[in-house]
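Asker: A structural model of the following input is requested.
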Amino acid sequence: MPLHKFVASHHIYMSMKALNRVRALRKVLIKSFFVILVLGLVIQESALAQNNMLVFQSDFGLKDGAVSAMKGVASGVSPDLKLYDLTHEIPAYNVWEGAYRLVQTAPYWPAGTVFVSVVDPGVGTDRKSVVVKSMSGHYFVTPDNGTLTLVAEQLGIQEVREIDEAVNRRKDSNESYTFHGRDVYAFTAARLAARVISFEQVGRQLENKVVSISYQKAVFQNNQVKGAIPILDIQYGNVWTNINKEVFNKLNIKIGQDVHVQVFNQDLKIYEGEVRYVNTFGEVKEGDDVGYFNSLLNFSLGINMGSFSEKYKVLSGGEWRIVLTK
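Answerer: All right, here's what the predicted structure looks like:
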């Protein structure tokens with residue numbers, strides 16, 4: 001074979017070999033890309049899965065052993081669980097306050113955290129026991145009695161499952177009708193948080209609906225801002241509303257100006273007066289009434305070094321509402 005033909009043939013051979021290598025490398029890169037993509041999705045899903053954190057809330061108080069019993073059940077499921085308390089000082093039977101405390105705190109916990117909320121005046125009746133997975137990736141184990149009102153509205157519901165008590169109930173507790181916090185909720189929540197069961201193994205899937213408590217939403221109408229008083233800042237007697245800055249600012253009230261306030265319990269007027277709109281309490285003298293935005297950036301009423309709630313007999317709940325004008 002002439003030299004020039006041999007050289008040309010060799011170049012073609014080497015080019016084909018290089019091309020095959022490029023093609024093989026491209027296949028490897030494509031496969032690697034898909035592996036990384038799948039791993040990313042798995043990691044993302046894992047971040048939303050249970051994380052061994054279990055947070056308890058109830059209206060039990062701490063005067064007896066009820067809370068300790070729930071934690072004992074959880075520890076019996078897995079000693080590796082990390083157990084925390086949200087609060088056990090919800091006023092007895094106050095489902096609304098339980099609903100608020102959940103949504104007040106859950107966003108600050110990592111996705112995958114499991115919450116148990118037991119404010120259950122209907123314990124032992126036919127009300128449903130559920131686990132809700134929120135759009136934020138948190139899990140809520142609770143009776144479906146209004147406790148999930150604000151979780152549904154503010155965090156969103158991804159899925160609801162009814163607890164199958166034939167599987168997810170503490171052994172030999174079927175004759176106990178008045179302590180589902182221990183026998184059903186703590187037990188199921190612990191199994192979920194410890195990954196003894198998957199979310200799907202909690203029980204059958206339900207519609208993405210929960211029992212809701214009605215209350216006044218924050219709105220601006222006819223030069224008035226209307227809202228609810230969902231909760232008190234109990235330690236200091238401040239009155240917290242659900243009115244955020246976006247709604248409040250429609251009144252065009254500036255810092256240092258007065259806000260006209262009316263507070264109603266259903267249709268009964270409990271308070272009417274003027275409060276100074278401030279950034280913080282120290283901007284007025286001791287004993288003065290103020291309106292300010294709390295740590296959740298909702299409009300609130302307070303007294304510098306005093307209790308607005310106690311002085312004016314203002315409480316909280318779905319039946320309490322507030323009207324603001326300039």
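
Asker: which residues touch the helix or strand K311 falls within?
Answerer: Following DSSP states H and E, one finds K311 within helix 308-312. The set of residues external to helix 308-312 that reach it, using CB atoms under 8 Å, 6 or more residues apart in numbering, is 232, 237-239, 263, 270-271, 289, 301-303, 314-315. All C-beta spots, glycine's among them, are computed from the backbone N, C-alpha and C.

Asker: Please repeat the previous calculation with a cut-off of 7 Å.
Answerer: Residues from elsewhere that reach helix 308-312, judged by CB atoms under 7 Å, 6 or more residues apart in numbering: L232, G237, N238, V239, I270, Y271, D289, L301, G302, I303, V314, L315.

Asker: Pop the domain breakdown of the protein in here.
Answerer: 53-206, 219-325 (automatic domain parsing).

Asker: Redo those domains as JSON lines? Include distance to R23.
Answerer: Shown next, in JSON lines, are those (distance: least, CB to CB, whole Å):
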{"stretch": "domain 53-206", "distance to R23": "42"}
{"stretch": "domain 219-325", "distance to R23": "57"}
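
Asker: out of these, deepest packed?
Answerer: domain 53-206 (a mean of 19; mean count of other CB atoms under 10 Å).

Asker: List the neighbouring strands of the host helix or strand of F56 plus their orientation.
Answerer: Element membership of F56 [criterion: DSSP H and E] is strand 53-58. Strand 53-58 sits in its sheet next to strand 82-87 (parallel), strand 114-118 (parallel), going by DSSP bridges.

Asker: How far away from the center of its chain is it?
Answerer: 12 Å (CA atoms, centre = their mean, to the nearest Å).

Asker: Which parts of the stretch 201-326 of the chain are strands?
Answerer: With strands called from DSSP state E, counting those that start in this stretch, the stretch 201-326 of the chain shows them at 205-206, 219-221, 224-229, 231-233, 238-244, 258-265, 268-277, 289-293, 298-303, 317-325.

Asker: what packs against the fifth one?
Answerer: Under the contact criterion of 3 or more CB pairs under 7 Å, 6 or more residues apart in numbering; DSSP states H and E, the helices and strands touching strand 238-244 comprise strand 224-229, strand 231-233, strand 298-303, helix 308-312.
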